[in-house]
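K.L.:
Dropping the sequence and predicted coords here.
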Amino acid sequence: MTFGQRVTIMRKQKNINQSELGALIGTSGNIVSKYERDFITPSIDVAAKIAKALNVSIDYLVNGIATEKGPITDEEANQLQHFDQLLPEDKVHVLAVVEAFLTKSKLQSLIG
């Protein structure tokens, strides 16, 4: 999969059009269309703006590699914004559950 294809997929998942993405990164929808069709390649600075606008890593857009952060949905980002509102003891419990799932995932990848 190419950079442009990943941008297209993530843009559609965010339910924004090319003009809207263009506005977010300081360019036009026509230029975004050219990125998505791989007619032109953005500079690293523009690729970083695209990644930020789509809430994914540059590594994901360029190489298709989901980092530990990985692409997150708007709903996940919204939920994480409310984490600071939890009581300290509740934060400990949430982090323990997350750590348990991360450990499970690592073990499963080792087992195959």
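P.N.:
That came in fine, so what should we check first? These figures come from a predicted structure and were not determined experimentally. Residues are numbered from 1 along each chain as shown.
K.L.:
Mind checking what secondary structure Ile16 has?
P.N.:
Using DSSP: H, G, I helix; E, B strand; the rest coil, the secondary structure recorded for Ile16 is coil.
K.L.:
okay, now it: neighbour count?
P.N.:
Neighbours of Ile16 under the rule other Cβ atoms under 10 Å: 17. Any C-beta I mention is one placed from the backbone N, CA and C, and that applies to glycine too.
K.L.:
Buried residues in whichever helix or strand Ala100 is part of, which are they?
P.N.:
Applying DSSP states H and E as the criterion places Ala100 in helix 88-111. Neighbour-count burial for helix 88-111 flags no residue at all (criterion: 16 or more other Cβ atoms under 10 Å).
K.L.:
most centrally placed residue in the chain?
P.N.:
Val56 (2.0 Å; Cα atoms, centre = their mean).
K.L.:
pretty sure that one contacts Met10?
P.N.:
Yes. Val56 is within contact range of Met10, at 5.7 Å (criterion: Cβ atoms under 8 Å).
K.L.:
any idea how far the residue of the chain most remote from its centre is from Ala96?
P.N.:
Within the chain, the residue lying farthest from the chain centre (Cα atoms, centre = their mean) is Glu89, at 29.2 Å. Glu89 sits at a distance of 11 Å from Ala96 (criterion: Cβ to Cβ, to the nearest Å).
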